[in-house]
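Colleague: Kindly return the folded structure for what I paste below:
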Amino acid sequence: MRKFILTIFVFAGAFAATIAKAEEPMASCDELAKVQQCCSARSCSGKVLSNRDKHNCGNHDGKSWHAASDGVTPAACQNL
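Modeller: Numbering: from 1, shown residues only. Presented below is the predicted three-dimensional model:
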């Protein structure tokens with residue numbers, strides 16, 4: 001019985017953490033980011049929609065995309 005109650009408690013905690021994570025505001029696009037980013041606006045501005053590749057970014061309403069940067073030199077922005 002204790003394992004069952006513990007399992008429900010752990011599941012409920014994971015569910016609550018998932019909801020809290022989903023409610024966090026989206027980050028702004030940054031051409032110095034060390035990961036590729038799919039951006040909601042042209043010229044790599046707006047919010048980060050995902051870290052998808054260029055092809056999938058265009059298929060999911062992304063307006064611009066940039067590859068990963070080295071952290072020093074800005075990545076080249078590509079409007080989709």
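Colleague: which residues in the chain form strands?
Modeller: For the chain, the strands defined by DSSP state E cover 37-41, 45-50, 64-66, 77-79.
Colleague: Provide the contact partners of the first one at residue level.
Modeller: With contact meaning Cβ atoms under 8 Å, 6 or more residues apart in numbering, strand 37-41 is reached by 26, 29-30, 44-52, 56-57, 60-66. All C-beta atoms are positioned from the backbone trio N, CA, C, and that covers glycine.
Colleague: repeat for the second one
Modeller: The contact list for strand 45-50 (Cβ under 8 Å, 6+ apart) reads 26-29, 37-41, 56-57, 60-64.
Colleague: So which bits of that strand are buried?
Modeller: Within strand 45-50, the residues that qualify as buried are G46, V48, L49, counting by 16 or more other Cβ atoms under 10 Å.
Colleague: got it, and the third one?
Modeller: With burial defined by 16+ other Cβ under 10 Å, the residues of strand 64-66 counted as buried are S64, W65, H66.
Colleague: which strands and helices sit next to it?
Modeller: strand 37-41, helix 54-59, strand 77-79 (3 or more Cβ pairs under 8 Å, 6 or more residues apart in numbering; DSSP states H and E).
Colleague: What average pLDDT does the shortest one get?
Modeller: Strand 77-79 comes out with an average pLDDT of 94.
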